[in-house]
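Colleague: A predicted structure for the sequence below; I have some questions about it.
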Amino acid sequence: MTFTETFELQPLAPFSLKLSAQIFAGLNPAVRCFEDGVFSQVLRVNGNLVLAKITSKGTVENPELQIKLASNQPITAQTKQSAKEAIEYIFNLHLDLKTIYNQAEKDAVMHKIILQLAGFKYPTTLTAFESLVDSIVEQQISIKIARTIEERLAQKFGEKLEINGAYYHTFPTAHNLADASISEIRACGLSQRKAEYIYGAAKAATTGDLDLEAMKTNPDINSVVAELDALKGIGVWTAELTIFRGMQRLDVLPADDFGIRRVISKYYCGGKPIKAADAREVAKLWSKWRGLAAFYLLAAEANGVVV
C-alpha cells in the first residue's frame with residue numbers, strides 16, 4: 001500500500017528550481033534526478049523512507065514549490081515536517097540571495113552573471129558524510145563516471161523503498177558502508193585505495209572518531225579542514241569540497257579544484273592557467289560567499305553565460 005501527502009513550500013526569493021536542480025539532470029531516477037521539471041529523491045526521516053517529488057509552481061521572484069511525498073508507511077505530521085525541513089536544507093531555501101546579490105553589484109563580472117542566473121542556490125547533500133564520500137569518489141576522475149559510481153553505491157548499500165512496484169534507494173549511511181567490506185565497496189567501480197578511504201571514513205564516523213555533523217557549527221574552518229585532512233586519503237581539495245557541498249559553508253572555496261580554477265580564469269584572468277593562490281586572490285572580491293560565487297561561475301559556463 002502506498003501512502004501520499006502533498007503540500008507547498010515558499011522559498012525565500014529569488015529561487016529557481018530549474019537552475020538549482022540542473023546538476024541532477026540525466027541521473028538515475030531510482031536514486032536522485034531532475035527530469036521534466038521534477039526533482040525526486042528518497043529521504044530518510046524519522047526512521048522512515050519517503051520519496052519526495054518537487055515541482056516549481058511559482059516564479060523566480062515569487063517562488064512556490066509543490067511537494068509530493070510517497071511512502072509504504074503512513075506519513076505522520078512529524079514525518080511531513082521532517083521531510084519539509086530536509087528539502088529546505090537540500091536546496092538552501094532560506095538562503096538570502098538578495099543580500100549576496102547587493103554585494104555583487106560592486107563586481108561587474110559577477111553582477112552580469114547573477115542577472116542571468118538569478119535564483120540559483122547550490123544544493124547541499126542531506127548529510128555531510130554523503131558529501132565526503134562523493135568527494136572521495138570524484139578525486140581525479142570525470143564527474144560523469146563519478147556520478148555512476150555514486151549511484152552504484154546507493155543501489156548496493158543504501159536503504160530501499162518500494163513504491164508501486166518501483167524501487168528507490170537512499171545514499172548509504174556510514175553504518176551501511178562500515179558493515180560492508182572493502183572489496184564490496186570497490187566492486188562499485190572504485191580503485192582499491194578509494195574503497196579503503198571510504199571504508200576508513202565510514203568506520204571513523206561510526207566509532208565517533210569523526211563527527212561530521214558537529215563540524216557544521218564549528219566557526220573555525222581551518223580546523224575543520226585540518227581534521228578532515230588528517231584522514232587517510234583526504235587532502236585539502238576533498239576536505240574543502242566536502243565542507244562546501246555538505247555543510248552549507250558558502251565561504252569555503254575549493255581553490256585546488258581544476259574546474260573552479262578554469263572558470264575563475266575564464267571570467268577574470270583571460271583564460272590563462274592559474275594556481276590555487278591566484279584563485280584565492282580573485283575570490284577576495286566575493287568575501288564570505290566566495291564558495292558560492294565559484295559555483296556560480298561553473299553554472300555560468302554550463303549555461304553558456306557570456307559577460
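Modeller: It's in.
Colleague: Please report the number of neighbouring residues for the nearest residue to residue 211 once chain neighbours are set aside.
Modeller: Excluding its sequence neighbours, the residue lying closest to residue 211 (Cβ to Cβ, 6 or more residues apart in numbering) is residue 205, at 7.8 Å. For glycine as for every other residue, the C-beta is placed from the backbone atoms N, C-alpha and C. A count of nearby residues for residue 205, using other Cβ atoms under 10 Å, gives 23.
Colleague: Quick check, residue 205 in contact with residue 214.
Modeller: No. In this structure, residue 205 is not within contact of residue 214 by Cβ atoms under 8 Å, at 11.2 Å.
Colleague: who's in contact with stretch 61-80?
Modeller: 1-11, 13-17, 45-46, 48-58, 83-84, 87, 119, 161-163 (Cβ atoms under 8 Å, 6 or more residues apart in numbering).
Colleague: what residue ranges in the stretch 101-250 of the chain are flagged as low confidence?
Modeller: By pLDDT under 70, the stretch 101-250 of the chain contains no weakly predicted segment.
Colleague: Quick check: which element contains the nearest residue to residue 37 once chain neighbours are set aside?
Modeller: Using Cβ to Cβ, 6+ apart and skipping residues adjacent in sequence, the residue nearest residue 37 is residue 55, 6.1 Å away. Element membership for residue 55, per DSSP states H and E: strand 48-56.
Colleague: Give the full set of residues in contact with the residue nearest to residue 206 when sequence neighbours are not counted.
Modeller: Nearest non-adjacent residue to residue 206, counting by Cβ to Cβ, 6+ apart: residue 178, 4.6 Å away. Going by Cβ under 8 Å, 6+ apart, residue 178 touches 199, 202-203, 205-206.
Colleague: Against residue 208, how distant is residue 178?
Modeller: To residue 208, residue 178 is 12 Å away according to Cβ to Cβ, to the nearest Å.
Colleague: now stretch 22-38, how far from the chain's geometric center?
Modeller: Taking the mean of its C-alpha atoms, stretch 22-38 sits 13 Å from the chain's own mean (Cα atoms, centre = their mean, to the nearest Å).
Colleague: again with stretch 41-57
Modeller: 16 Å.
Colleague: So which elements touch the helix or strand where residue 265 lies?
Modeller: Element membership of residue 265, judged by DSSP H and E, is helix 258-268. On a contact count with 3 or more Cβ pairs under 8 Å, 6 or more residues apart in numbering; DSSP states H and E, helix 258-268 meets helix 108-116, helix 276-283, helix 290-302.
Colleague: If we use 10 Å, what do you get?
Modeller: Judged by 3 or more Cβ pairs under 10 Å, 6 or more residues apart in numbering; DSSP states H and E, the packing partners of helix 258-268 are helix 108-116, helix 236-247, helix 276-283, helix 290-302.
Colleague: What is the neighbour count of residue 208?
Modeller: By other Cβ under 10 Å, neighbour count at residue 208 equals 7.
Colleague: Kindly provide the distance from the nearest residue to residue 305 once chain neighbours are set aside to residue 277.
Modeller: Excluding the flanking residues, the one nearest residue 305 by Cβ to Cβ, 6+ apart is residue 116, at 5.0 Å. Distance check for residue 116 against residue 277: by Cβ to Cβ, it reads 29 Å.
Colleague: and what of residue 4?
Modeller: 53 Å.
Colleague: likewise residue 283?
Modeller: 11 Å.
Colleague: any residues in contact with both of the two?
Modeller: residue 255 (Cβ atoms under 10 Å, 6 or more residues apart in numbering).
Colleague: neighbour count winner among the two?
Modeller: Comparing residue 283 with residue 277 by other Cβ under 10 Å, the one with more neighbours is residue 283, at 20 against 8.
Colleague: can you tell me which residues contact the more buried one?
Modeller: Counted by Cβ under 10 Å, 6+ apart, residue 283 has contacts 251, 253, 255, 260, 264, 268, 289-291, 293-294.
Colleague: please redo it, this time with the cut-off set to 8 Å
Modeller: By Cβ under 8 Å, 6+ apart, the contact set of residue 283 is 253, 255, 264, 290, 293-294.
Colleague: Also residue 171?
Modeller: Residue 171 touches 31, 125-127, 130, 133, 150, 153-154, 158, counting by Cβ under 8 Å, 6+ apart.
Colleague: let's see it at 7 Å
Modeller: 130, 154, 158 (Cβ atoms under 7 Å, 6 or more residues apart in numbering).
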